[in-house]
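**Student:** Sequence first, then the predicted structure:
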Amino acid sequence: MRVTIENVIDEPTTERFLELYRAAFDPLQGLAASRQALTDDEFREEMELESVLKFVGWDRREQPVAMAVINTDLDTVPWISPEFWRRQYPEQAARGAIHYYGALLVSPTVRGGLWAYRMLRETVRYTASHHAVAAFDCCRHNIEEVQLPKLIAEVARPLCHFDTEQVDVQAYYAYPTYGLREAPAEIDLRDATVAAQAAEEAAPSAAEQAPQVSGRG
């Protein structure tokens, strides 16, 4: 078992891992409100981009059987706001040291905790050696059922010093409707505006409401 870092993946290997990628990520599309995966074309493009690091695991026959992907150029991640991350971590951004973690893929021929653990260790070791930020996003299913953040923290804890920061939360709302009322109530927008202004004036400022804390979890 050995792991190498590749900048470009050849076409046959790309297609092999694309099949694993689809099998791993397609089921999430029905479990999360937002997009969870690259398209086939985006995946193929990542395999050719040198700024996207591919950690490749090789078996004893020197066949590629596992892959972990890190984007070192935030502009290559289609569903995030690169500017948000640059503002959040300006020092690391200036060094190109925000590592956005993508897929972790393991072939069913060797599937098991050992390979996934080894691949994750190698990516964490690489990020920590560069004093970089390890960033990723995951849906509620991966937080509550897979417990992905907890898993990553457990793998990283023996290897490096780190903080855990949940930098943003996005909620999705829906309002199912069931037709119009027979006699809709009229809303006096002037009264609603006056009430909103009164509530705003009575409420303390956001700065006064914010709890004062120190240290990081």
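**Tutor:** Everything's here; your move.
**Student:** how about stretch 159-168: buried residues?
**Tutor:** For stretch 159-168, burial by neighbour count (16 or more other CB atoms under 10 Å) applies to Phe162. (Each C-beta comes from the backbone N, C-alpha and C, glycine too.)
**Student:** neighbours around the closest residue to His161 other than its chain neighbours, how many?
**Tutor:** Residue nearest to His161 in three dimensions, not counting chain neighbours: Ala128, with 8.0 Å by CB to CB, 6 or more residues apart in numbering. By other CB atoms under 10 Å, the residues close to Ala128 number 16.
**Student:** Can you work out which other helices and strands pack against the helix or strand where Ala128 lies?
**Tutor:** Using DSSP states H and E, Ala128 sits in helix 113-129. Under the contact definition 3 or more CB pairs under 8 Å, 6 or more residues apart in numbering; DSSP states H and E, helix 113-129 sits against strand 2-6, strand 52-58, strand 64-71, strand 98-106, strand 133-135, helix 148-156.
**Student:** residue at max distance from the center of the protein?
**Tutor:** Ala183 (47.2 Å; CA atoms, centre = their mean).
**Student:** Dump stretch 123-130 to PDB, restricted to CA.
**Tutor:** C-alpha atoms of stretch 123-130 as PDB (Å, rounded to 0.1, in the frame of the first residue of the first chain):
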ATOM      1  CA  THR A 123      -4.400  14.400   3.100                       C
ATOM      2  CA  VAL A 124      -4.400  15.700   6.700                       C
ATOM      3  CA  ARG A 125      -0.700  15.300   7.000                       C
ATOM      4  CA  TYR A 126      -0.100  17.200   3.800                       C
ATOM      5  CA  THR A 127      -2.400  20.100   4.800                       C
ATOM      6  CA  ALA A 128      -0.900  20.300   8.300                       C
ATOM      7  CA  SER A 129       2.600  20.300   6.900                       C
ATOM      8  CA  HIS A 130       1.700  23.500   4.900                       C
END
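**Student:** Please list the residues outside that stretch that contact it.
**Tutor:** Residues outside stretch 123-130 that contact it (CB atoms under 8 Å, 6 or more residues apart in numbering) are 5, 53, 55, 68, 70, 97, 99, 101, 133-134, 152, 155-156, 159-162.
**Student:** just to revisit the earlier point, measure the residue nearest to His161 to His99 for me?
**Tutor:** 10 Å (CB to CB, to the nearest Å).
**Student:** likewise Leu120?
**Tutor:** 13 Å.
**Student:** go on, Val146?
**Tutor:** When distance is defined by CB to CB, Val146 is 20 Å away from His99.
**Student:** The residue positioned nearest the centre of the chain: what's its closest spatial neighbour, skipping adjacent residues?
**Tutor:** Centroid-nearest residue in the chain, with CA atoms, centre = their mean: Asp137, separated by 2.0 Å. Spatial nearest neighbour of Asp137, chain neighbours left out: Ile80 (7.0 Å); criterion: CB to CB, 6+ apart.
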